[in-house]
Each structure stands twice: as structure tokens, then as C-alpha cells.
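**Q** pasting the sequence and the predicted coordinates here, then a few questions.
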Amino acid sequence: MSFPKQNDFIDIHTHGAVPSPGIFSVETLMAHEEKIPVETAGLAYTSGIHPWNLNDENHDRLLLYVEKIASYESVIAIGEAGFDKIKGPAMDLQQRTFEEQVYIAGKLRKPVVIHCVRAWEELISAHKKLKPATPWLIHGFRGKKELGMQLISKGMYLSFWFDFITRREATPLIQSLPVDRIFLETDGSGADIRNIYKKVSGDLGIGVDELKIQMLKNYTVFFNRNN
């Protein structure tokens, strides 16, 4: 199984990753696409049912796919899974499907990568109800410090929306959060993860190499891996 090297830039959440020297990418396999992970240097995978692509008709088929793919060694987490009040099916279906995926994650001892839009109460309620055995990562976070700290206090990790985190107004948020609970991502946007690291390292007042070391530590703890 591929694992990031100490000098790699880790892109914790992306789509359509192309292997590139010095960059370790965590590629998201969307359940409705039913792709099979291929062992590739510099790549690991997550797989899950995104609420945008979920409905009553395809639920069973998508869940069977996730149950199958989740057992692959190269699939290191379940997701992205979660809640979306803007685009997605009825919340009861979203909640049931999310709980089913958290159960799979717990059974396999793999963390969960989460998509959440305007459904923080539902997410926090699910965490309280399920008492997950593995950690959760909120991808694409661009909320306020208070929300970030609330999620972190429950054991969650945050990865920031690629466009938001490069703006000047994101600097106070970065500076206010514990660096051992954050990750960086491109989300398949075409953004350069190296530029994101440069911006965030400047916000934190540390060198890019030091930030790389911290991100590798975070990765090792979050995924319960030993380098």
C-alpha cells in the first residue's frame, strides 16, 4: 500500500488525481461511478456515497459497492459521505445512509471523510448517537472558528476548502486552530497543493518543510498508520 513520504505534499481529498512526483494524493472514489481502486505509487483512496448522488432507487446498489470496495487495503477511509441540505435527497435517507457508512468504517477500523452543507446540527447529533470508533474528517471546511473548535472538540479533523484557505480572510481561522487537527486539499479543482501549503505555512509562521512534517504526523495519527 502506498504511503506518503516525509517530503511529500499531502493532498488529503481530491478527484481525478494524476500521480506527480513529490505529491501524495488521496483520491475519492464516488460510489455511483463504481470504479475499482488501482494500486498506484503516490495514491491512496477513499470511497463513499455522496448525498448528491443518492436516491431511494440506487441506495442498495451503492451501499453494496461501498461494502465491497471498503475492504481493499488501498482504500484507507470511507467517504465522502454526509449531509447536504441544498442538494440531495430527503434527510432521513441521508441520515440512514450516513449511519450505514459509519458502521462499515467502524467494522473495518477506517476513518470517515465527510461532506456537510448547512447540516452541522445533524452531523453533531449523528456523532453523539453513533459514538464512532474511528475519527471523522470534515472536508472543504470554510466555517467560523467557533464551529471549527466545536467539531475539533468532538475529535474531528478539518480540511479546508481550497479556494477559501488561500484568501486573506482565512488567515485568522488557520491561526486559531490546533495545527495537529488540520489537513489541506484541492478537491479536484486544479488548484496546486504546493501553493496552498505555501499560503498556510505563511499564516502559521513556519516553513513549508515544517508544515509537510506536521501534515505527515496528522496523516499517520488520523489513519492509524505507522511510517
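**A** Looks like it came in fine. As the structure is a computational prediction, the values presented were derived from the model and not from experiment.

**Q** which stretches in this structure count as helices?
**A** For the chain, the helices defined by DSSP state H cover 59-69, 91-108, 120-130, 145-153, 162-165, 171-176, 193-204, 208-222.

**Q** now the second one: how far from the chain's centre is it?
**A** It refers to helix 91-108. 16 Å (CA atoms, centre = their mean, to the nearest Å).

**Q** and it, average pLDDT?
**A** Helix 91-108 comes out with an average pLDDT of 98.

**Q** what inclination does that helix have with respect to helix 59-69?
**A** Angular relation of helix 91-108 and helix 59-69 on a 0 to 180 degree scale: 20 degrees, by axes from the mean of the first three to the mean of the last three CA atoms, to 10 degrees.

**Q** so which bits of stretch 114-125 are buried?
**A** Residues Ile114, His115, Cys116, Ala119, Trp120, Glu122, Leu123, Ile124 are the ones in stretch 114-125 that count as buried (16 or more other CB atoms under 10 Å). Heads up, the C-betas are built off the backbone N, CA and C, glycines and all.

**Q** how about stretch 7-19?
**A** In stretch 7-19, counting by 16+ other CB under 10 Å, buried: Asp8, Phe9, Ile10, Asp11, Ile12, His13, Thr14, Ala17.

**Q** can you list these in JSON lines and add pLDDT?
**A** Converted to JSON lines, these look like this (pLDDT from 0 to 100):
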{"residue": "Asp8", "pLDDT": "98"}
{"residue": "Phe9", "pLDDT": "98"}
{"residue": "Ile10", "pLDDT": "98"}
{"residue": "Asp11", "pLDDT": "98"}
{"residue": "Ile12", "pLDDT": "98"}
{"residue": "His13", "pLDDT": "98"}
{"residue": "Thr14", "pLDDT": "97"}
{"residue": "Ala17", "pLDDT": "93"}
